[in-house]
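*Asks:* Got a sequence here, can you build the structure:
(2 chains)
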Amino acid sequence: MGVIVTALLPWLWPVYPAPGVFRSKEEARAYHCERALHDAPSHRTLTRVDTPPNRGEFRKSDLIVCTQPVVPPHLRDPADEVVLRTLQDRTQQLAAAAHALRPELQSHTWLVEAHDPNTAVVAKLRFATQNALMEHGLSVSDRTPVLGAGDIQVVTRMPPVAAHPAACARYAGTGSLQEDDVLLVIIRPDAQATELVGGVCEQGRWTWL
Amino acid sequence: MLITLTSGCVRAYQPLRGLHDPRIVDPTLPNFADLSIDVYCVPGDDLKPAQASILCQRVGTLFENQAAEVETYTVDPRVSGGDGGLGLEEDTTSRAPADLVVELRTEAVHKNPHPLSWGLCYITGTLVPAVRESTFTQRVVVRDSDGFLLAQSTFEGRIIFSFGIGTWGGNKLLDLTVREPSEELTGEGAKADLSKDLYEQLTQVVYNAKVRGQLLTTPFLPSGR
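*Replies:* Residues are numbered from 1 along each chain as shown, chains lettered A, B, ... in the order given. Down below sits the predicted model:
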C-alpha cells in the first residue's frame, strides 16, 4: 500500500504543461506558451486577463496561455516552419513598417512580391502580407510586376542586395510598375537566416525596411 | 528521517516562448569569421554581477568557437571606457568599435513558491512533493557599431523544481525503466536542455543580425532615376 501511495504522489502536483510523469519533454516542447502579464499583455493573452481592481488584488493570479500547433513537430522543414509558425506576426510587422515608412503612399496601389526557396511559403507570405496591408486600409492588387528576359538575365546574376534595387529601377523603367503603384518585396536574405527582410519600391526608388 | 535523507529533487525545464523555435544555423560551424562581437551582460535584480560575468564568459566562448573575436562586458561598453567592468588592465580605449554588440538582459517575471505544498511536504516527511516554479525571460538585442538595431528577441522559459521522496522516487523509477536518456528528469538534463536551447537561439539571433547588417551596409546600384 505504501509503495502504491508513494508511486502515486508525483501525480498530485501536475504543473501544466510542464514535463513530468504524464508528459514527456518532447510533448511539453510541442506547446507554445506565454505567461499573461498585466503590464505587458500580448494579443494572445490580452482578452484573457481581466483588468486588476483599482485597490489591487488580495490573491495573486497566475495564467499561462498555451496553444498546441496543428501541424505535428518535425513535419515541415525547419526553415519553413520558423516562418509559417509566426506568419501573421511577421507579415503584420512588415506591413506596419512599410506603411509607417511611407504614410504618404496611402492612396497608392500596393503590390506584394515574396521570395523564398519554397513556392508554398511564397504564396502564403504574399497572401498574408496582402491581408496585413489591407488591415491598414491600403488598396492591394494581385498584379505582379514583370521584367523582360534581358533584365532577368542581368538581375538574377546579382547578389540580392543589388538585385532588388536594380529590379525596382527596371520595373519603373519598363512601365511594369506604374506611377501610383508601390511594390512591397519580402525576402529571406540568407538560407540560414530566420528573419525576413522587406523593401519598398516606388517610382524606381528602393528602400530597405 | 530516513525518508527525508533519501529524498531528492526533480528539476524540469519547459521552454515557453522562443526557446524551442526551430533554428537553422549550426553553432559548430565558423559562422562569424572576421567579425568582432562585444557581449554585454546587463546585471540586475535577477542577475548578480558575478552571474552576469559567468554568462558573458560562456556566451563569449560560444561565439569564439564560431570564429568571432569577442570581448565581454558587464557594464555598458559605450560608457565604461573599455575595461568593461571586468577590471581588465589592458587598455582597450583605442580598440575599433565591434561589428556587433550583443546585449543580454535576464529577468525573473514570475516566481511561485507553492507554500502549501512545502507545508504538506514537511508534515508528510516529503511524501507529498514540495513544488517551486519560476519563469524567466532572456532578452537579446543586437546592434551594429553605430548602435543601429539589427535584431532582437525575447525568450521565455520556466523551471519547475519539486522535492520529495514521492516525486523523486517515481521519476527515478521511470528514468531507470522506461524513459530514454534524453527524456530523464532526475539528472542534470534540465540544465543541459536550457543551455542548448539558449545558445542555439543566441547563435541564430546574432546570425540574423549579421545578415541584416551586411544587407543594409552593402552599397547597391543607383536606381538610375
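
*Asks:* only C-alpha atoms for contact and neighbour calcs from this point on.
*Replies:* Will do.

*Asks:* Which parts of the chain are helices?
*Replies:* Answering for chain A, as no chain was given. For chain A, the helices defined by DSSP state H occupy A:2-8, A:25-29, A:78-85, A:87-101, A:119-135, A:149-155, A:160-174.

*Asks:* My question was about chain B, not that one.
*Replies:* For chain B, the helices defined by DSSP H cover B:2-6, B:49-64, B:115-123, B:165-177, B:189-217.

*Asks:* and the last one, what does it pack onto?
*Replies:* Which is helix B:189-217. When contacts are defined as 3 or more C-alpha pairs under 8 Å, 6 or more residues apart in numbering or on different chains; DSSP states H and E, helix B:189-217 sits against strand B:8-17, helix B:49-64, strand B:130-144, strand B:149-164.

*Asks:* Including mean neighbour count, mean pLDDT and distance to residue A:91, could the ones you listed go into JSON lines?
*Replies:* Below are these laid out as JSON lines (neighbours: other C-alpha atoms under 10 Å in any protein chain shown; pLDDT from 0 to 100; distance: least, C-alpha to C-alpha, whole Å):
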{"stretch": "strand B:8-17", "mean neighbour count": "24", "mean pLDDT": "87", "distance to residue A:91": "19"}
{"stretch": "helix B:49-64", "mean neighbour count": "19", "mean pLDDT": "94", "distance to residue A:91": "30"}
{"stretch": "strand B:130-144", "mean neighbour count": "20", "mean pLDDT": "92", "distance to residue A:91": "21"}
{"stretch": "strand B:149-164", "mean neighbour count": "21", "mean pLDDT": "90", "distance to residue A:91": "16"}
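
*Asks:* shaky segments in chain B?
*Replies:* B:1-7, B:79-95, B:218-225 (pLDDT under 70).

*Asks:* Centre-most residue in it?
*Replies:* Against the mean C-alpha coordinate of chain B, by C-alpha atoms, centre = their mean, the closest residue is residue B:198 at 4.5 Å.

*Asks:* Now that residue. Nearest residue, chain neighbours left out?
*Replies:* residue B:19 (6.3 Å; C-alpha to C-alpha, 6 or more residues apart in numbering or on different chains).

*Asks:* mind listing what the one you found touches?
*Replies:* Listed by C-alpha atoms under 8 Å, 6 or more residues apart in numbering or on different chains, the contact set of residue B:19 reads B:155-157, B:197-198, B:201.

*Asks:* rerun that using 10 Å as the cut-off
*Replies:* Applying C-alpha atoms under 10 Å, 6 or more residues apart in numbering or on different chains to residue B:19 gives the contacts A:29, A:32, B:137-138, B:154-157, B:194, B:196-202.

*Asks:* From residue B:47, how far out is it?
*Replies:* 19 Å (C-alpha to C-alpha, to the nearest Å).

*Asks:* I'd assumed residue A:208 was in contact with residue A:189.
*Replies:* No: contact criterion C-alpha atoms under 10 Å: residue A:189 and residue A:208 do not qualify, at 11.8 Å.

*Asks:* what sits in contact with each of those two?
*Replies:* Residues touching both residue A:189 and residue A:208 (C-alpha under 10 Å, 6+ apart) are A:161, A:197-198, B:215.

*Asks:* what's the most buried one of the helices of chain A?
*Replies:* Mean neighbour count, computed with mean count of other C-alpha atoms under 10 Å in any protein chain shown, is highest for helix A:160-174 among those, reaching a mean of 21.

*Asks:* So which elements touch that helix?
*Replies:* Using 3 or more C-alpha pairs under 10 Å, 6 or more residues apart in numbering or on different chains; DSSP states H and E, the elements in contact with helix A:160-174 are helix A:149-155, strand A:181-187, strand A:197-202, strand A:205-208, helix B:189-217.

*Asks:* what are the C-alpha coordinates of that helix, in CSV please?
*Replies:* Written as CSV, here are the backbone C-alpha positions of helix A:160-174 (Å, rounded to 0.1, in the frame of the first residue of the first chain):
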residue,chain,number,x,y,z
PRO,A,160,20.2,40.1,-53.5
VAL,A,161,21.4,43.3,-52.1
ALA,A,162,21.9,44.7,-55.6
ALA,A,163,19.3,42.7,-57.5
HIS,A,164,16.2,44.1,-55.8
PRO,A,165,17.1,47.8,-56.2
ALA,A,166,18.1,47.1,-59.8
ALA,A,167,14.9,45.2,-60.5
CYS,A,168,13.0,48.1,-58.9
ALA,A,169,14.6,50.6,-61.3
ARG,A,170,13.7,48.4,-64.2
TYR,A,171,10.1,47.9,-63.1
ALA,A,172,9.7,51.7,-63.3
GLY,A,173,11.8,52.0,-66.5
THR,A,174,9.7,49.4,-68.4
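
*Asks:* how far is it from where the chain is centred?
*Replies:* Remark: helix A:160-174 is offset 25 Å from the chain centroid, using C-alpha atoms, centre = their mean, to the nearest Å.

*Asks:* ok, now which ones touch the residue nearest to the centre of chain B?
*Replies:* Counting by C-alpha under 10 Å, 6+ apart, residue B:198 makes contact with B:15, B:18-20, B:59, B:138, B:155-157, B:192, B:204.

*Asks:* Which one of the helices and strands packed on helix A:160-174 lies nearest to residue B:65?
*Replies:* helix B:189-217 (11.0 Å; C-alpha to C-alpha).

*Asks:* List the buried residues for the closest one?
*Replies:* Within helix B:189-217, the residues that count as buried by 16 or more other C-alpha atoms under 10 Å in any protein chain shown are B:189-190, B:193-194, B:197-213, B:215.

*Asks:* now stretch A:101-114
*Replies:* For stretch A:101-114, by 16+ other C-alpha under 10 Å, it's A:105, A:108-114.

*Asks:* Identify, from the residues you listed, the entry nearest to chain B.
*Replies:* residue A:114 (16.8 Å; C-alpha to the nearest C-alpha).

*Asks:* partner residues bridging the closest one?
*Replies:* residue A:186 (DSSP bridges).

*Asks:* Contacts only, for it.
*Replies:* A:121-127, A:129, A:184-188, A:196, A:198.

*Asks:* at 7 Å what do you get?
*Replies:* By C-alpha atoms under 7 Å, 6 or more residues apart in numbering or on different chains, the contact list for residue A:114 reads A:122, A:125-126, A:185-187.

*Asks:* how close does it get to residue A:145?
*Replies:* As judged by C-alpha to C-alpha, residue A:114 and residue A:145 stand 12 Å apart.
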